[in-house]
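> no letters, just coordinates:
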């Protein structure tokens, strides 16, 4: 993996290790049930975190709260968590990072595992098998997927996407050797590790925002420009399938006729192989079908839309240095690698 993709992993690992070391010298949780903000189910306590974060930042926050990102041992537990999280996509504790009860120091290159070391005896993937990968990959639940694309199933995406999450811990107190944030007296706070704006997904070199407001093609493009990007481009069936899975209906994409030729907003030409059978027609604007293919329609159609914009690598690098500055304020060494390379394409 490129150095830029290792920045947050190294820095967050150091910060979690420091939090746990410091916590060993402070006051730990003693004999609590669940406590304010936590809710009991079966043999564990759960806390919903509504402010989105990257997977590593989310796990670090859960560690500070005395637990870990949520893991599932049964369908009943998964249904309980989904009921609490509602319609928002959210992280779960599965990743291909090599995690122990303190750190996630490196990509394992193996299939995804629970960060709290729970055995993977229950699964609910949107596909039959999730392939191994040597790229950073983390799992999330997509409640509002298109009905043809398995809503409520698990999927994987770049760990630097920005999603809500839920923490889980023992009802008898904090996990062994781990401090509770509000009782340990730590001067540490959650760290933001996402490369995208809150609630947005990172895929490849782009952040994606799925908008449910219905607008004309031009109205949708204007909104995307205000956000800092453009309507999304589709350069493969895989792109189309991934996009349509996150929307409940057909939607505007960044394809529009330029004189006699169709062109994406990123100035690339339309691949003829991506047209839905029987298209293009005489209309000027593009949308994605339920098959992940593209067809054209009237530009004044009022439908939902998807925006994309490039990843701000400088911002990602700056976040890693903020983590290190926080550590150095406690006289803890930290020297992140220097890199401005773009993120690799992920799942």
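Arrived safely. All figures in this text were calculated on a predicted structure; none of them were measured in a lab.

> ok, which stretches of the stretch 201-347 of the chain are helices?
Counting by DSSP state H, counting those that start in this stretch, the stretch 201-347 of the chain forms helices over residues 217-227, 237-245, 313-328, given from the N-terminal end onward.

> quick one: average pLDDT of the second one?
Per-residue pLDDT over helix 237-245 has a mean of 88.

> need the residues that contact it.
Applying Cβ atoms under 8 Å, 6 or more residues apart in numbering, the contact partners of helix 237-245 are 126, 142, 145-146, 149-150, 155, 203, 208, 232-234, 250-251, 253, 274, 288-294, 306. Just so you know, the C-beta spots here come from the backbone N, C-alpha and C atoms, and that holds for glycine as well.

> residue ranges for the strands of the stretch 101-250 of the chain, please.
Secondary structure of the stretch 101-250 of the chain (DSSP state E, counting those that start in this stretch): strands located at 113-114, 138-142, 153-157, 163-169, 201-203, 206-215, 230-231.

> which of the ones you listed sits closest to residue 298?
For those, proximity to residue 298 was assessed by Cβ to Cβ; strand 206-215 is nearest, at 13.2 Å.

> that closest one versus helix 217-227: what angle between them?
140 degrees (axes from the mean of the first three to the mean of the last three Cα atoms, to 10 degrees).

> quick one: strands adjacent to strand 206-215?
Using DSSP bridges, the neighbouring strands of strand 206-215 in the sheet come out as strand 201-203 (antiparallel), strand 303-310 (antiparallel).

> for the ones you listed, give me JSON lines that also has distance to residue 72 and mean neighbour count.
Formatted as JSON lines, these follow (distance: least, Cβ to Cβ, whole Å; neighbours: other Cβ atoms under 10 Å):
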{"stretch": "strand 201-203", "distance to residue 72": "22", "mean neighbour count": "23"}
{"stretch": "strand 303-310", "distance to residue 72": "29", "mean neighbour count": "21"}
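
> for those strands, which one sits closest to residue 270?
When the strands paired with strand 206-215 are ranked by proximity to residue 270, the top entry is strand 303-310, at 16.2 Å, counting by Cβ to Cβ.

> contacts made by the closest one with the rest, please.
By Cβ under 8 Å, 6+ apart, the list of residues contacting strand 303-310 reads 205-215, 220, 223-224, 227-233, 243, 246-254, 287.

> what is the least confident helix or strand in the protein?
Of the helices and strands making up the chain, the lowest-confidence element is helix 181-184, at a mean of 44, by mean pLDDT, DSSP states H and E.

> got the domain ranges for the protein?
Domain assignment for the chain, taken from automatic domain parsing, gives 3-199+313-328, 206-309.

> those: lowest mean pLDDT?
Among these, domain 3-199+313-328 carries the lowest mean pLDDT, a mean of 73.

> what about the helices in the stretch 51-200 of the chain?
Under the criterion DSSP H, counting those that start in this stretch, the stretch 51-200 of the chain carries helices at the ranges 55-64, 75-85, 181-184.

> residue 41: which of the ones you listed is closest?
Nearest to residue 41 among those is helix 75-85 (4.8 Å), distances taken as Cβ to Cβ.

> list the buried ones in that closest one?
With burial defined by 16 or more other Cβ atoms under 10 Å, the residues of helix 75-85 counted as buried are 77, 78, 80, 81, 82, 85.

> which one of those residues is nearest residue 165?
Out of these, the member with the shortest distance to residue 165 (by Cβ to Cβ) is residue 85, at 8.6 Å.

> next up, the contacts around the closest one.
For residue 85, the residues meeting the contact criterion (Cβ under 8 Å, 6+ apart) are 48, 141, 143, 164, 166.

> would you mind writing the ChimeraX command to select the buried ones in the residues you listed?
The following ChimeraX line selects those of those that are buried, judged by 16+ other Cβ under 10 Å:
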select :48,141,164,166
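
> of the contacts of residue 85, closest to residue 280?
Using Cβ to Cβ, residue 143 is the member of the contacts of residue 85 that sits closest to residue 280, with 33.9 Å.

> residues in contact with the closest one?
Residue 143 sits next to 82, 85, 86, 87, 88, 89, 151, 152 when contact means Cβ under 8 Å, 6+ apart.

> any idea how far it is from residue 67?
Going from residue 143 to residue 67 by Cβ to Cβ, to the nearest Å gives 22 Å.

> burial count for residue 220?
27 (other Cβ atoms under 10 Å).

> I figured it hits residue 210, correct?
No - look at residue 220 against residue 210 with Cβ atoms under 8 Å: they stay out of range, at 11.7 Å.
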